[in-house]
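A.B. asks: Next comes the sequence, and after it the predicted model I'd like to discuss.
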Amino acid sequence: MIVRPRPHLFELFFIIKGSIVLKIMPLLTFVATLSAIVVSIYTLKPDWLPKFDGGPFALLGITLSIFLAFRNNACYERWWEARKVWGELMLTARNLARLSQILDTQGELSAARKQLLECNIAYAHALLKQLRPGDQLPRIKQLLAEPVAEAYLQSKNPPEVILRAMERILIQALAEGRIQPIQFNLLEELIQKLAATQAACERIQNTPIPFGYTLLLHRTAYTFCFLMPFCFANTLGWATPFVTALAAYTLFGLDALGNELEEPFAPIANALPINALTEVIDIELMEALGQSDLPALPTAKEFVLM
Amino acid sequence: MIVRPRPHLFELFFIIKGSIVLKIMPLLTFVATLSAIVVSIYTLKPDWLPKFDGGPFALLGITLSIFLAFRNNACYERWWEARKVWGELMLTARNLARLSQILDTQGELSAARKQLLECNIAYAHALLKQLRPGDQLPRIKQLLAEPVAEAYLQSKNPPEVILRAMERILIQALAEGRIQPIQFNLLEELIQKLAATQAACERIQNTPIPFGYTLLLHRTAYTFCFLMPFCFANTLGWATPFVTALAAYTLFGLDALGNELEEPFAPIANALPINALTEVIDIELMEALGQSDLPALPTAKEFVLM
Amino acid sequence: MIVRPRPHLFELFFIIKGSIVLKIMPLLTFVATLSAIVVSIYTLKPDWLPKFDGGPFALLGITLSIFLAFRNNACYERWWEARKVWGELMLTARNLARLSQILDTQGELSAARKQLLECNIAYAHALLKQLRPGDQLPRIKQLLAEPVAEAYLQSKNPPEVILRAMERILIQALAEGRIQPIQFNLLEELIQKLAATQAACERIQNTPIPFGYTLLLHRTAYTFCFLMPFCFANTLGWATPFVTALAAYTLFGLDALGNELEEPFAPIANALPINALTEVIDIELMEALGQSDLPALPTAKEFVLM
Amino acid sequence: MIVRPRPHLFELFFIIKGSIVLKIMPLLTFVATLSAIVVSIYTLKPDWLPKFDGGPFALLGITLSIFLAFRNNACYERWWEARKVWGELMLTARNLARLSQILDTQGELSAARKQLLECNIAYAHALLKQLRPGDQLPRIKQLLAEPVAEAYLQSKNPPEVILRAMERILIQALAEGRIQPIQFNLLEELIQKLAATQAACERIQNTPIPFGYTLLLHRTAYTFCFLMPFCFANTLGWATPFVTALAAYTLFGLDALGNELEEPFAPIANALPINALTEVIDIELMEALGQSDLPALPTAKEFVLM
Amino acid sequence: MIVRPRPHLFELFFIIKGSIVLKIMPLLTFVATLSAIVVSIYTLKPDWLPKFDGGPFALLGITLSIFLAFRNNACYERWWEARKVWGELMLTARNLARLSQILDTQGELSAARKQLLECNIAYAHALLKQLRPGDQLPRIKQLLAEPVAEAYLQSKNPPEVILRAMERILIQALAEGRIQPIQFNLLEELIQKLAATQAACERIQNTPIPFGYTLLLHRTAYTFCFLMPFCFANTLGWATPFVTALAAYTLFGLDALGNELEEPFAPIANALPINALTEVIDIELMEALGQSDLPALPTAKEFVLM
């Protein structure tokens, strides 16, 4: 996630980070060059090329604007839903840390609660590892008991292994009468919420916007840009390359932005800062466990918070 | 579901799978041919045909764009809701596998839990069978007890028969005091969630977008395409067939894509991969039952995951 | 609800059922006739009428398209919400049939459960009667106990009478110790869901889209159609009647469709098949009560499922 | 709320109630007069005024249509959410009337249940009084016990006083063992739902759409209407006053309708019929208390249901 | 939040507060000046500048209107969601004040309930402090017990410290048998709702709309405004500076309004009145604790409620 104050007018045109201008630069160059060629031909041999007026563009414009508006909204909603899901993860971690005080006796940290919260930290790292693989394994192993860590490594669904271990801690506490059946339900609900987080993240990550949209939108947009010079060359003259490049910039800029938001967990600057959120969960739960020597909360580096 | 990396520029125009271009090819040919005929007449006998300008198109364009945007959003929402419902099904299966550990004693797999999870697997296959009929029956029979399987075959609502069997397992466990009343509630909620999955899928499958929309949208779109050549022939000349075919492509492409997303359970490439999701549920629950010799998770074949 | 496969191209233009063309035919004739008159005057006495260009139409078009898009979405959402509510009704009936097995002893159907499910069937018919009055009374009387049926006939809110009777069955079972307090809650939740269904249906049926919208939209649309001929007559000539009728068709077609979806419970072809849904609930609950001689599930007659 | 059948074509143009035409009549007159003046000047001294073409209007049109569509949707959603909240209030009243039968013994109306339902009726009137002040006080005082009525009059949040009294009835019943703890929860949930109704109504009533929107939208719309005559005068001639007044009518009609829906509790014809809904709650709960001499359900007077 | 009656027509153009006109005045001046220069050049040396027609503007207009509509909706939804979250906070405070009567014995205010509600007041102030830092600390310290206040000052997540203290009060009451396990759940749910409020506020405050949108929208809008004079100069003449400034006003006005709504907790006039809402919670809970000497409810000062 890019974190920076709103740029001033002149700054605005020279910001690269978070901008998608570099990615679509080859395309803009191509469109401008094509325009220049078309204008040259119109100037030298006006009869070689057919004359277009705005009519067909209005028609293509109808479907193109429907595509763009739809895709933009759909991608933003995926991104925002993903953010909500991670907010839910953090909330559930806090709720568990708070409610599990019921396992303690006389304010003394119980072993069960310690295990439970450590599992919760490990779960956040495991979910992060599933979504944006990195070097989460050492921390996860450090937090899990030996047999759980082993099962974690062998399972087809590793985060679930951690949740099952948490469930067993609760069942054990219930069997030993340390919590009452009705409080088991409260804690169980929190575990189900942790599981819901994973299911929602998997849904967003594994189910992109239908491929047919990408195809149809891109084909329409490219065709649109390639036809533009033929339409404007005879009225705009040598301003055509500039104008078509500009139109292509807004069109493909919106498209490229959609691409980035469609995958809110990808390791890119415009994605969600799920590494930072995991770190915050780690620190808050550590604090709840009574540790005082905690690292600082994560901050943006060069305007980017991962 | 089509699973493939974003195509490059030139690849883009030659992808067929997931594209709807083949389905609407006859129509495009028809529109282009009609355009060619109209242009010929304009060229040879300019007085034979009335002169149109863009006015009527702007009028039709208003309603057409409202139709298309509406239908597109409505279809996508159906598709995405269907995906959410199946995510819920998977989540509930995991929750049941985890929570039902409460039926086990001393980490030993109990008969009740085994039956419960096998019923859950059977339920996923039964739901798949209802939505996208195939050869699910052998697997279902293998998982269900004899009398349940028999009732399954005779019922007017087969998946419900499996849920009733699950309910009886829970009532039995409650009567025998193996679970407490309050935990019965937790498990009962999960069964109700499984039932909710079926109800939501039935709603999506049995209630298409009102037929009146299809009629009105298609009539408008066809009329729009048939009028186009008359409007553009005198300004665009022989570029008309190309331009009208292109406009028809984006118009009917969006429409055809809507058709595919409207039925997210149909056995087509752009539909949801519910076969694969069922397989994943099967494998995960088998793992939860302690089986270690599990098949690999399903992957896309030739970019398509069913 | 109209249930039919997607029509082919030429079929498309000759389908009447589900089409709103008959309803708006007088209007289309009027617009076409007016256009013909205007064209005649333009041809014979060009100075008699003012010359319009597209400008005012663009202005009216802005508000008109906002009206139409808004109303279309609002009506569709009402229709789809109504469908969801009835899906919820069916789901709750199934949940009640399944969960109420807890009232049975040793798989034997208890009197309480029988009464409960019969009340549920009666409730579905009573709700249907409230929304789409018909000959539901005999079936309702057949299902209810004598005093309940009497209270039903005298109440200002008949369906609620049935729910109160169900509540009393549960309270009785609780008082006699046949269910535990915590299971009473589960069953109570289902009864509250049945009540929620009625409240949602009443909301949709009794609160139409604000009358001011209908007035403003219709006034704008009519004015729009009456001005069209003056605008197009001098450019389109004798094609004007055809083009204006076509534009009026899409405009008022969308409007008429909105009218039909606005009232999803009305006894019309495009409305929801709530008679059929009630019948399915009846059959499924009968099956749950162990009856084997069940009627077939309802199917569409001449493409229409009521 | 205006309740009337859809008007016929010619009726349509002469309906005043529910129409916003009277409110915006001065403005329409002003716009038409301005247009007439502009046309006169164009006719007599064509060089005195600058020539506009449609360009600037297309630009203003973009933002204006975004404003109007946004505001329209936002206002309608407020109105519909308010309706849902009152539907929830009615549903909760019914649920309470039904579930509180648990307080009765042997079908005999208990004092606690009587008090509870009378408080519920008083609460509906108190909420109505907060939203649309009238002569609700006598009925409220009649229903509440003496000390509660006194606290009601002195509190900064009167409806809450009634809910606290209901809570105390429940706590009392629990303390006396007349209900079990788990049923206390069910009843408590209903009281929390009543409270949620108030919070939602307060949110809608106290938080209008941000004032900046009103300013920006109105400034743009007025400017738009004042510029129109300059743009159309030279092409439309003496048709200009009629056309600009028509455009102003749709523009400000939509705006005025938005104003009315923005405040769904105001005492105006297009607002929600919350007086009638309160009366229905009153009657239904009276019936639940066994009273048989009930007033008729409220109906619309001169097409308006308040 | 700005609270004032709808302004009359002539008032409308002279309101500054809540208007964003001051913020964008430099830009409007710049656009008008640029226009004047361009018009001068066109008048004196018509050949120096290229001739534009509306074509490119229609193209830019497509993406620009998608951007503006999207951003406007997204910002308003953030603002409205924030309002809902604070409504939930107030509702939960009321629910806690009401339900916690269960801790009292014989209508006597118990120490536990007093602490609980004071913590709730402190929590509201702590949340306000996190979102809109001010001088909330003295009031918070006054309300919290000594050790809690200390932990509050040292924690990385101060509001959570207060919730944990509330949890311990409940666990204590449960351990001492003053509440039953099932009522512990009801109170626990309220605490989790308080925590959910914080998580939702953090999500809105820390996750702005993706920076890429700001960049792309602003670049497009500025370019659009700078190109306008070149397009209109030859048709509008000296009316151009006025028209372009007006178009820029609506464009950047909508943008500036979006900026303000995007941050609903910022200390600006168009933001939410969360100071006032906190004060209301404080007063209502004080009343619930039986204090009678309460300050007046907060009101708007010079039309602004913070």
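C.D. replies: Looks like it arrived, so ask away. Numbers count the residues shown, from 1 in each chain, chains lettered A, B, ... in the order given.
A.B. asks: And the contacts of stretch A:268-276?
C.D. replies: Contact partners of stretch A:268-276, identified using Cβ atoms under 8 Å, 6 or more residues apart in numbering or on different chains, comprise A:1-2, A:17-18, A:79, A:82-83, A:86, A:128, A:131-132, A:134, A:257, A:260-261, A:263-265, A:298, A:304-306, E:207, E:210-212. Bear in mind the C-beta positions are built from the backbone N, C-alpha and C, glycine included.
A.B. asks: ok, 7 Å please
C.D. replies: Taking contacts as Cβ atoms under 7 Å, 6 or more residues apart in numbering or on different chains, the residues outside stretch A:268-276 that touch it are A:1-2, A:17-18, A:82-83, A:86, A:128, A:131-132, A:260-261, A:263-265, A:298, A:304-306, E:210, E:212.
A.B. asks: Just give me how far it sits from the chain centre.
C.D. replies: How far stretch A:268-276 lies from its chain's middle: 7 Å, per Cα atoms, centre = their mean, to the nearest Å.
A.B. asks: And for stretch A:81-98?
C.D. replies: In this view, stretch A:81-98 has its centroid 16 Å away from the chain centroid, taken as Cα atoms, centre = their mean.
A.B. asks: quick one: is that stretch near chain E?
C.D. replies: Yes: looking at stretch A:81-98 against chain E by Cβ under 7 Å from any Cβ of the partner chain, the contacts come from A:R83, A:K84, A:G87, A:M90, A:L91, A:R94, A:N95, A:R98.
A.B. asks: For ChimeraX, what selects the buried ones among the contacts of stretch A:268-276?
C.D. replies: Selecting just the buried residues from the contacts of stretch A:268-276 in ChimeraX takes one command, with 16 or more other Cβ atoms under 10 Å in any protein chain shown as the test:
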select /A:1,2,18,82,83,86,128,131,132,260,261,263,264,265,298,304,305,306 /E:210,212
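A.B. asks: and the contacts of stretch A:268-276 near chain C, which?
C.D. replies: Checking these against chain C (Cβ under 7 Å from any Cβ), there are no matches.
A.B. asks: Return the subset of the contacts of stretch A:268-276 lying in helices.
C.D. replies: Judged by DSSP state H, helices contain the following of those: A:A82, A:R83, A:W86, A:L128, A:L131, A:E260, A:L261, E:G212.
A.B. asks: so, if you compare those, which one comes nearest to chain B?
C.D. replies: Chain B has its nearest neighbour among the ones in helices among the contacts of stretch A:268-276 in A:E260, at 11.8 Å by Cβ to the nearest Cβ.
A.B. asks: what's the neighbour count on the nearest residue to the closest one once chain neighbours are set aside?
C.D. replies: The shortest distance from A:E260 to any residue that is not its chain neighbour, by Cβ to Cβ, 6 or more residues apart in numbering or on different chains, is 4.3 Å, and that residue is A:N270. A:N270 sits with 24 neighbouring residues when counted by other Cβ atoms under 10 Å in any protein chain shown.
A.B. asks: Name the secondary structure element that contains A:N270.
C.D. replies: Per DSSP states H and E: A:N270 is located in neither a helix nor a strand.
A.B. asks: Next one: it from A:R4, what distance?
C.D. replies: Distance, A:N270 to A:R4, by Cβ to Cβ, to the nearest Å: 13 Å.
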